[in-house]
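In: Sequence and predicted structure below; questions after.
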Amino acid sequence: MSITSDIFYDKIVTSIKKPPNERTIDEIEEICPWFVGKVKFFSNLKSDIVKDIIKNCEFSERETDDIIIRQFEEGDCFYIILSGQVSIYVNTELVHDDQEVVHQQDEFVPAVKHSVERKATNREKCGNYVISFGTGASFGELALINKDCIRNATVIADRKTHLAVINRATYNRSLKDVHEADFKKRTEFINKCPLFNGWIQSLKKQAAMSLVQTDFPFEANLVRQEEPVNGLLFIISGQAQVSVDILKHPKQYPNLKLAAYSVTSTYMDDHKLIHTENPNYPVRRMGYIVNERRSALKKIDLCIIGPGTILGEFEYGFNLKTYMQTAICIEPTSAYILGGRNFERLIQSRRNPDGSKQIREIAERNILYRINRPIDSKIPLFRCLVKQIYEANLQLQEEQREKALANRNKIKSERTKGLFEPTSRNQRQQQQERMKGSNKSLLQQVNF
């Protein structure tokens, strides 16, 4: 911050440290633009609502490692970060009713709610790290939306942090309708998306909570080939052009052993072309055609995508660490983003045993659909992935046949054994007696 901004920030802190009835209209009018500019969701609110929040919020200062919110507590307020940074942790393996949770809380958490004395001496006990938030972000509102008022995450201060605390009364009056409508919209999206079919309700709820709606302008990159995969992007409006550079794939995915594009034959053809005596052939500089063809391969337009498309599903489904294609907006586009850390903790949860299998099946189904299109069928990476699917299916079928054959042989062996060998002690005794009787009868016939 500059000296001027430091002075203005101090004025903001001084104002909201006062009791609400001592904050003047002029003070609120003066600091209102700062809140609208810094706090993300304030930009969509009416000025009267923003002023109501500024007038009635409370100031809170937290030190490094202070636990601001603990997962499974009851919540009665939410927070806006004025300065500093916090980190979010979620334990997806436990549910609110688990006795283990109660024991953990009794072990090292004071009973006083929202106490600034609570310290995170070992953050691993708080669950998996999800994301960090800085100035302008808000957190804790979900507990005010939920009927049970239970916190879904633990929030810890990473450094000295100033917070504006909005109580339930102010929230219900100013923000509840807005947040409820937004959360309902995200929840409905999760419930309709095939990727989340079969997920338990608590994980669906966490997925909805983790979605972030983002708007992209014309010509913005939704994803870019070669960049590390960092979550899923669900297009909800707008369109984008998908293109691919097949020259990059062999280096991106060396374990797939894709054949690198060779220009040797093209180079030789150009060399012959230049030295030909046929006057009908145009003379071109050495390598011109090669470069021309390379440029064409660097950007192959595959398709235009729109609402319903999930970017990142192929990468997660086939365990690819970088994006295999680029998607550029051809009109303003809106999308939900489910960050990589959030998605990975949800899909790897022990309460979601089929999560990884499910996204792979979706990716396989979609790549098999795309390979039928002429342009996609020419992409070596796509052909390689389809080959893997067929080989895996053949191997599975062979294993199933061998298993079925082994079961048939086992059943046949047991039936055959049952024909010649008594299966019980009584049966064996009866057979022995019959044999003795037969032998005795035979001896009598011989003596006679």
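Out: That came through, no problem.
In: Where does pLDDT dip in the stretch 201-350 of the chain?
Out: By pLDDT under 70, the weakly predicted segments of the stretch 201-350 of the chain are 260-298.
In: Tell me where it has strands.
Out: 212-216, 221-223, 231-237, 240-244, 300-305, 310-311, 326-329, 333-339 (DSSP state E, counting those that start in this stretch).
In: Make a markdown table out of those and add distance to Glu364.
Out: In short, each C-beta sits where N, CA and C put it, glycine included. Output for the strands of the stretch 201-350 of the chain, formatted as a markdown table (distance: least, CB to CB, whole Å):
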| stretch | distance to Glu364 |
| --- | --- |
| strand 212-216 | 28 |
| strand 221-223 | 20 |
| strand 231-237 | 17 |
| strand 240-244 | 19 |
| strand 300-305 | 18 |
| strand 310-311 | 14 |
| strand 326-329 | 21 |
| strand 333-339 | 20 |
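In: Looking at the ones you listed, spot the one closest to Ile371.
Out: Closest of those to Ile371 is strand 300-305, at 11.7 Å (criterion: CB to CB).
In: so what does that closest one touch, helix or strand wise?
Out: strand 240-244, helix 374-377 (3 or more CB pairs under 8 Å, 6 or more residues apart in numbering; DSSP states H and E).
In: Please repeat the previous calculation with a cut-off of 7 Å.
Out: Applying 3 or more CB pairs under 7 Å, 6 or more residues apart in numbering; DSSP states H and E, one finds that strand 300-305 contacts strand 240-244.
In: what are the pairing partners of the strand it packs on, and which direction each?
Out: Strand 240-244 pairs in its sheet with strand 300-305 (antiparallel), strand 326-329 (antiparallel), by DSSP bridges.
In: neighbours of Pro374, just the number please.
Out: Using other CB atoms under 10 Å, Pro374 has 6 neighbouring residues.
In: With Phe133 instead?
Out: With other CB under 10 Å as criterion, Phe133 counts 18.
In: if I pick it, what's in contact with it?
Out: Going by CB atoms under 7 Å, 6 or more residues apart in numbering, Phe133 touches 81, 85-86, 139.
In: I'd like the distance between it and Arg373.
Out: From Phe133 across to Arg373, the span is 42 Å (CB to CB, to the nearest Å).
In: picking that back up, let me know which of the strands paired with strand 240-244 is the nearest to Ile7.
Out: strand 326-329 (40.8 Å).
In: Quick check: buried residues in that closest one?
Out: Applying a neighbour-count criterion of 16 or more other CB atoms under 10 Å, one finds 326-329 buried in strand 326-329.
In: Identify the residue nearest Gly306 in space, chain neighbours excluded?
Out: Excluding the flanking residues, the one nearest Gly306 by CB to CB, 6 or more residues apart in numbering is Gln239, at 4.7 Å.
In: Quick check on that neighbour: phi, psi?
Out: phi -140, psi 160 (degrees, to the nearest 10).
In: oh, and call the first residue 271 from now on, that's how I've got it
Out: All right, first residue 271 from here; so that's Gln509.
In: what's the distance between it and Ile600?
Out: 5 Å.
In: which neighbours do those two share?
Out: Ile574.
In: excluding its backbone neighbours, what's nearest Ser317?
Out: Going by CB to CB, 6+ apart, Ser317 has Cys302 as its nearest residue, at 6.8 Å.
In: State whether that neighbour and Lys321 are indeed in contact, as I suppose.
Out: Yes. Using CB atoms under 7 Å, Cys302 is in contact with Lys321, at 5.8 Å.
In: Look at these two and report which has more neighbours.
Out: Taking other CB under 10 Å, Cys302 and Lys321 do not tie; Lys321 has more neighbours (19 against 16).
In: To which secondary structure element is the more buried one assigned?
Out: According to DSSP states H and E, Lys321 maps onto helix 317-326.
In: Pull up the pairing partners for the very next helix or strand once past that helix, direction included.
Out: The helix or strand immediately downstream of helix 317-326 is strand 328-332, counting by DSSP H and E. Using DSSP bridges, strand 328-332 pairs in its sheet with strand 431-437 (antiparallel).
In: Could you figure out how far the partner strand is turned away from helix 317-326?
Out: 110 degrees (axes from the mean of the first three to the mean of the last three CA atoms, to 10 degrees).
In: May I see the buried residues of the helix or strand following strand 431-437?
Out: Counting by DSSP H and E, the element after strand 431-437 in chain order, helix or strand, is helix 438-444. Residues of helix 438-444 classed as buried: 440-441, 444 (neighbour count, 16+ other CB under 10 Å).
In: From the residues you listed, pick the one nearest Arg635.
Out: Using CB to CB, these come closest to Arg635 at Tyr441, 43.1 Å.
In: what's the neighbour count on the residue nearest to that closest one when sequence neighbours are not counted?
Out: Leaving aside its chain neighbours, Tyr441 sits nearest to Leu414 (5.3 Å; criterion: CB to CB, 6+ apart). Leu414 has 20 neighbours, counted by other CB under 10 Å.
In: give me phi/psi at Leu414?
Out: phi -80, psi -20.
In: That one touches Glu344, doesn't it?
Out: No. Leu414 is not in contact with Glu344 according to CB under 7 Å; the separation is 10.6 Å.
In: Would you mind measuring from the spatially most central residue of the chain to Gly582?
Out: Centroid-nearest residue in the chain: Phe613, 2.2 Å away (criterion: CA atoms, centre = their mean). Separation of Phe613 from Gly582 (CB to CB): 8 Å.
In: Next, show the common contact partners of those two.
Out: Here Phe613 and Gly582 have 501-502 as joint contacts, going by CB under 7 Å, 6+ apart.
In: buried ones in stretch 487-501?
Out: 492-493, 495, 499, 501.
In: Can you lay out those as JSON lines showing distance to Val656?
Out: Shown next, in JSON lines, are the buried residues of stretch 487-501 (distance: CB to CB, whole Å):
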{"residue": "Leu492", "distance to Val656": "24"}
{"residue": "Val493", "distance to Val656": "21"}
{"residue": "Gln495", "distance to Val656": "19"}
{"residue": "Val499", "distance to Val656": "20"}
{"residue": "Gly501", "distance to Val656": "25"}
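In: and which of those is nearest to Ile575?
Out: Of these, the one sitting nearest to Ile575 (CB to CB) turns out to be Leu492, at 8.8 Å.
In: these two touch, right, the closest one and Ala597?
Out: Yes. Contact criterion CB under 7 Å: Leu492 and Ala597 qualify, at 4.1 Å.
In: list the residues that contact both of those two?
Out: 510, 581.
In: Show me what the regular element (helix or strand) spanning Val425 is packed up against.
Out: If you go by DSSP H and E, Val425 is part of strand 424-427. Packed against strand 424-427 by the contact rule (3+ CB pairs under 7 Å, 6+ apart) you find strand 337-339, strand 356-360.
In: Understood, closing this out.
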